[in-house]
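*Asks:* Pasting a predicted model and its sequence here:
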Amino acid sequence: MSETHSQMIFEQKVHQLIENQYSHNQQTPRILIASMRKMHLEAFRSPEFEFEDLICQLDHVDILLPQFDYSRSQKTKKRLANYLALKTNRKELLNSGCIPTKVSKNYDLFFFICQGCWDITTINSIQGWRNQCQKSVAWVDEIWIKELSDRKTKLCVELLQSFDYIFTPHNESAKAVANLTNRPCYSLAYGIDAIKFCPFPNPKPRNIDIYSIGRRSPIVHQSLLKFAEDKNLLYLHDTLKGLHMNNYKEHRHLYSNLIKRSRYFISNKAKFDTPEQTDGQEELGSRFFEGAASGAVMIGIPPKCETFATHFNWTDSVIPICYDTNNLGELITELDQQPERLEQIRKHNVVNSLLRHDWVYRWEQILETVGIDPTPTILSRKNQLQNLAELVGCMKFSADLQLI
């Protein structure tokens, strides 16, 4: 069989898997998700929105979209309410500035997903959710133990006492949050839409040599600028300040396509450049899931924590460097001379992402924790990921992940 024919058969099989669209039947929604997407468009929130979108594909969902009230009277009311809340230590007075909404239908689960501690105050603008929903879960993207000593942050987090279960990607923070709220709090790692970020069935040439987005070490950055100039390479990096997306879906689509076209992807532990905020706490950020799912070779500063050791426990999942590495070009040159090693890194990254890091596994873990049965679509998604991983695992790749 010719290489061209073999590639055609592979692509046809993968297309059949990818094109297996999720059916949206007419069952009554059993999940209510409160999403921040109408209030915030910072790029760092895009993984949360992606998670919400995938839940909508996997389950029977209604979306609640709180919105800010920008009137002058509301701003005055917000300032006064928050002043009184802090003065009297009454968390129920905290005011997010949102227009009040009311939950009037019954649901099996209320899922409140937010980025930071102040976002939690949005819950005070949503009326009736506790009575209308049998179970409730809050997923807070970012909670640092050091921040819990701040009186305002502590009061915001205490609002989580109204929930049955709390989840956060920050493993070390889970116990502290559980102690503060007296509610079960679990560590739940980030995930990824592993199918969207997968470079198959049509892998593109990796014409971007090095891709770095977001926080970076200035020492590493200057080293890469010089290396790229000397070797005539494409080093793609941020050149503007500003974190807001014009359109979340367009941003996520472009972002995934850029990583899928990158040979090396810079990935660092969460808040690696702000030790004054983390106070030495090391946590696993979303960059690692994005880089791995796209089949890039990740270089950076991995966290020294249980979550990383558990979720990225294959060889060369990340090529480690230091904050003050000033000769990264030498390391990349050395890696480029090891095509078999690069091939294994890329394949392991993609396959492990498909089998372990898709958002479906995180959603399934939440449902299992609260005692709600998975939908047939969840099982279908898992089968789809399994089949795609088997196909990818059987293929032979060149160093830049092109089929041969």
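*Replies:* Structure's in. What do you need?
*Asks:* For the stretch 201-350 of the chain, just list every one of the helices.
*Replies:* Counting by DSSP state H, counting those that start in this stretch, the stretch 201-350 of the chain has helices at residues 218-231, 248-260, 275-278, 287-293, 306-311, 328-336, 339-352.
*Asks:* out of those helices, deepest packed?
*Replies:* For these, ranked by mean neighbour count under the definition mean count of other CB atoms under 10 Å, the leader is helix 287-293 at a mean of 28. In short, each C-beta sits where N, CA and C put it, glycine included.
*Asks:* residue ranges for the strands of the stretch 1-150 of the chain, please.
*Replies:* 31-34, 61-64, 101-102, 107-114, 126-127, 133-140 (DSSP state E, counting those that start in this stretch).
*Asks:* ok, now how distant is the closest residue to L224 other than its chain neighbours from L331?
*Replies:* With sequence-adjacent residues excluded and distances taken as CB to CB, 6 or more residues apart in numbering, L224 is closest to Y235, at 5.2 Å. To L331, Y235 is 14 Å away according to CB to CB, to the nearest Å.
*Asks:* okay, now the closest residue to L65 other than its chain neighbours: neighbour count?
*Replies:* Take L65 and drop its neighbours on the chain: the residue closest to it by CB to CB, 6+ apart is K38, 4.3 Å away. Using other CB atoms under 10 Å, K38 has 13 neighbouring residues.
*Asks:* Now for G329: which residues touch it?
*Replies:* S223, L224, K226, F227, D230, K231 (CB atoms under 8 Å, 6 or more residues apart in numbering).
*Asks:* Now tabulate these in JSON lines and tack on pLDDT and distance to L258.
*Replies:* Output for the contacts of G329, formatted as JSON lines (pLDDT from 0 to 100; distance: CB to CB, whole Å):
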{"residue": "S223", "pLDDT": "97", "distance to L258": "21"}
{"residue": "L224", "pLDDT": "98", "distance to L258": "16"}
{"residue": "K226", "pLDDT": "97", "distance to L258": "22"}
{"residue": "F227", "pLDDT": "97", "distance to L258": "19"}
{"residue": "D230", "pLDDT": "97", "distance to L258": "23"}
{"residue": "K231", "pLDDT": "97", "distance to L258": "20"}
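*Asks:* right, and out of those residues, which lies closest to G280?
*Replies:* Using CB to CB, S223 comes nearest to G280 of the contacts of G329, at 25.6 Å.
*Asks:* circling back: so the residue nearest to L224 is in contact with V220, correct?
*Replies:* No - contact criterion CB atoms under 8 Å: Y235 and V220 do not qualify, at 11.1 Å.
*Asks:* any weak-confidence spans in the stretch 1-150 of the chain?
*Replies:* 1-26 (pLDDT under 70).
*Asks:* about what we covered before: closest one to T153 among the helices of the stretch 201-350 of the chain?
*Replies:* Going by CB to CB, the one of these nearest T153 is helix 275-278, 11.6 Å.
*Asks:* what residues does the closest one touch?
*Replies:* Identification of contacts with helix 275-278 by CB under 8 Å, 6+ apart yields W144, K146, E147, A270, K271.
*Asks:* Now with 6 Å, please.
*Replies:* Surrounding helix 275-278, the residues in contact under the criterion CB atoms under 6 Å, 6 or more residues apart in numbering are W144, K271.
*Asks:* what's the answer for stretch 128-147, then?
*Replies:* Stretch 128-147 is touched from outside by 102-103, 106-116, 153, 160, 163-168, 170, 173, 176, 278-279, 281, 366, 370, with contacts defined as CB under 6 Å, 6+ apart.
*Asks:* excluding its backbone neighbours, what's nearest D373?
*Replies:* L367 (7.2 Å).
*Asks:* And that neighbour, how far from I55?
*Replies:* From L367 over to I55 the distance is 10 Å, taken as CB to CB.
*Asks:* and what of V297?
*Replies:* Taking CB to CB, one finds V297 at 31 Å from I55.
*Asks:* thinking F167 is in contact with Y186, fair?
*Replies:* Yes - with contact defined as CB atoms under 6 Å, F167 counts as touching Y186 (5.3 Å).
*Asks:* Look at the two and report which has more neighbours.
*Replies:* Set F167 next to Y186 and count neighbours by other CB under 10 Å: F167 wins out with 24 against 17.
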